[in-house]
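>>> Give me coordinates for this.
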Amino acid sequence: MTRRRLTGWLAWFVALNVLWLVFISAWVWEEAILGIFASAVAATAAEAVREQRLARFRPRLRWLWQARVLLWRALRESAFVLAALARQLVGRGRVRGRFRVVPVSLPADRDEQAAKRALLTAGASFAPNMYVVTIDNREGLMLVHELTPGDGR
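Prediction:
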């Protein structure tokens, strides 16, 4: 059992530390050291939650497969947002964002549902044009805000 805990802790630590380095996007010794401590604390918390079975879910490979488009969406939507900013700056149009309701399919299992909501929120809010306001579990609806509506999506 100890080997499993150590392996899980190391997996969390490495993944979270890499994520930390991506987020800071610069190599500064002080930030890297802080990231090591933060990753260790977070990995310990994640293993404690797993060990106590407070939350359990298995990510679906198809959920992660859908993330392959995030980089392209971020680049494309950055172009839409920058074009809207340019139009706004030269006085050739006013940007009017909008709220939109998007139907989503959520699993019946409570833990899987929470995981999918978290992934949907992170994925839909990743690109700069849209962010998730809330997800209604019962109705299977996601409320999003778009900065530049009608971007061709």
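>>> secondary structure element for the spatially most central residue of the chain?
Closest to where the C-alpha atoms of the chain average out (C-alpha atoms, centre = their mean) is A122, at 2.1 Å. Taking DSSP states H and E as the criterion, A122 maps to helix 110-126.
>>> swap in I135?
strand 130-136.
>>> List the neighbouring strands of that strand plus their orientation.
strand 141-146 (antiparallel) (DSSP bridges).
>>> From the chain's centroid, how far away is the strand it pairs with?
15 Å (C-alpha atoms, centre = their mean, to the nearest Å).
>>> same deal with stretch 81-90?
Counting by C-alpha atoms, centre = their mean, stretch 81-90 comes out at 26 Å from the chain centroid.
>>> Now do the buried residues in it.
Judged by neighbour count (16 or more other C-beta atoms under 10 Å), stretch 81-90 contains these buried residues: 81, 84. (Each C-beta comes from the backbone N, C-alpha and C, glycine too.)
>>> cool, and stretch 95-112?
Quick answer for stretch 95-112 (16+ other C-beta under 10 Å): 104, 106, 112.
>>> likewise stretch 125-144?
For stretch 125-144, by 16+ other C-beta under 10 Å, it's 126-130, 132, 135, 142, 144.
>>> now swap in stretch 20-40 and tell me
So for stretch 20-40, counting by 16+ other C-beta under 10 Å, buried means 20, 31, 35, 39.
>>> isn't the second one right up against I24?
Put plainly, it is E31. Yes: counting by C-beta atoms under 8 Å, I24 is a contact partner of E31 at 5.0 Å.
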